[in-house]
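Student: The sequence and its predicted three-dimensional model are supplied below.
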Amino acid sequence: MTLDDLDGVDRRLINRLQDGLPLVARPFAAVAKELDIAEGDLLYRLERLREGGVLSRFGPMYHAERLGGGLTLAALAVPESDYDEVVATVNAFPEVAHNYRREHELNMWFVLATETRERISETIAGIEAATGLPVYNMPKEEEFHVRLHLPV
């Protein structure tokens, strides 16, 4: 599925959901009402957009550190010939929130989110063992809130 496959309702839905869901008993019904569609249609569209790869993730955002967890940005310098294999290996770790490719010596960056702060170093050690590559850990020193809205 590509952006060309999206109709006007899909686009309005994606744009609206980037503002979050209302804190009500039936948040999808509330958003559906705003968009003048049925709740079932909204849920179907979300499923279709996820399965089609337009939406890679859909779910709540938690402040892991305030909940006692760990969160860090990490990077690898991956040989080009091994890139796809290393992506699969890294993504197999449930602690990897997402990863992305960079045009840099450190060409794979990923976010780790763990249930405890201690699990960060354990997960990094596991990724190093699984890939045979050193992981560069870049823990947050200061937090900035950047509202990223990608209009469709």
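Tutor: Now that the structure is in, tell me what you want to look at. Here the structure is a predicted model, which is why all the values come from computation and not from measurement.
Student: What separation is there between the residue lying farthest from the centre of the chain and D7?
Tutor: Centroid-distance maximum for the chain: D36 at 28.2 Å, with CA atoms, centre = their mean. Distance, D36 to D7, by CB to CB, to the nearest Å: 14 Å. (Each C-beta comes from the backbone N, C-alpha and C, glycine too.)
Student: tell me the pLDDT at the residue farthest from the centre of the chain?
Tutor: Listed pLDDT for D36 reads 98.
Student: Any chance of the backbone angles for it?
Tutor: Per-residue torsions, D36: phi 60, psi 40 (degrees, to the nearest 10).
Student: try D4
Tutor: phi -70, psi -20.
Student: count of neighbours near it?
Tutor: 5 (other CB atoms under 10 Å).
Student: which residues in the chain form helices?
Tutor: 8-17, 27-35, 39-51, 83-91, 118-131 (DSSP state H).
Student: Specify the beta-bridge partners of the closest residue to Y100 other than its chain neighbours.
Tutor: Spatial nearest neighbour of Y100, excluding adjacent residues (CB to CB, 6 or more residues apart in numbering): W109 at 5.7 Å. For W109, the beta-bridge partners are A75, Y100 (DSSP bridges).
Student: No further questions, thank you.
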